[in-house]
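Novice: Sequence plus the predicted model coming up.
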Amino acid sequence: MEAAWAYQHRPTVQGLLLRRQKSLALSEEAKRIAWKAQQRLHKRFTALSARGKNKNQIVTALARELLGFLWAIAVHTEAQFKLAKVA
């Protein structure tokens with residue numbers, strides 16, 4: 001829930017986030033999914049806010065959707081781990 005509040009701000013990858021992404025051994029696919037999540041969830045926050053929805057309702061909806069993106073990254077990472085373990 002707390003992470004969903006961040007999507008009220010425009011998504012960018014700069015500063016500390018950029019340095020952290022470069023230093024971690026993240027796959028390009030995981031980064032792509034994360035960037036897609038940032039863009040989609042910010043757009044959704046803006047659209048729901050423009051419709052006059054309560055901010056707590058917006059954040060709850062975004063948290064549910066964020067969970068789907070986290071699941072996608074976890075599935076991708078698990079598949080990579082299994083491939084690396086077999087090799």
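Specialist: Right, received. Where do you want to start?
Novice: Least confident secondary structure element in the protein?
Specialist: Least confident helix or strand, the chain: helix 15-23 with a mean of 75, by mean pLDDT, DSSP states H and E.
Novice: Secondary structure element holding Gln80?
Specialist: If you go by DSSP states H and E, Gln80 is part of helix 55-86.
Novice: Quick check: pLDDT value at the residue lying closest to Val59 once chain neighbours are set aside.
Specialist: Using Cβ to Cβ, 6 or more residues apart in numbering and skipping the chain neighbours, the partner closest in space to Val59 is Ala4 (4.5 Å). Yep, even glycine has a C-beta here, placed from its N, CA and C like the rest. Note on Ala4: pLDDT of 89.
Novice: check contacts around Ala4.
Specialist: Leu41, Val59, Thr60, Leu62, Ala63, Leu66 (Cβ atoms under 8 Å, 6 or more residues apart in numbering).
Novice: Go ahead and list the helix or strand containing the nearest residue to Phe69 once chain neighbours are set aside.
Specialist: Nearest residue to Phe69, sequence neighbours excluded (Cβ to Cβ, 6+ apart): Ala37, at 3.9 Å. Secondary structure assigned from DSSP H and E places Ala37 in helix 28-50.
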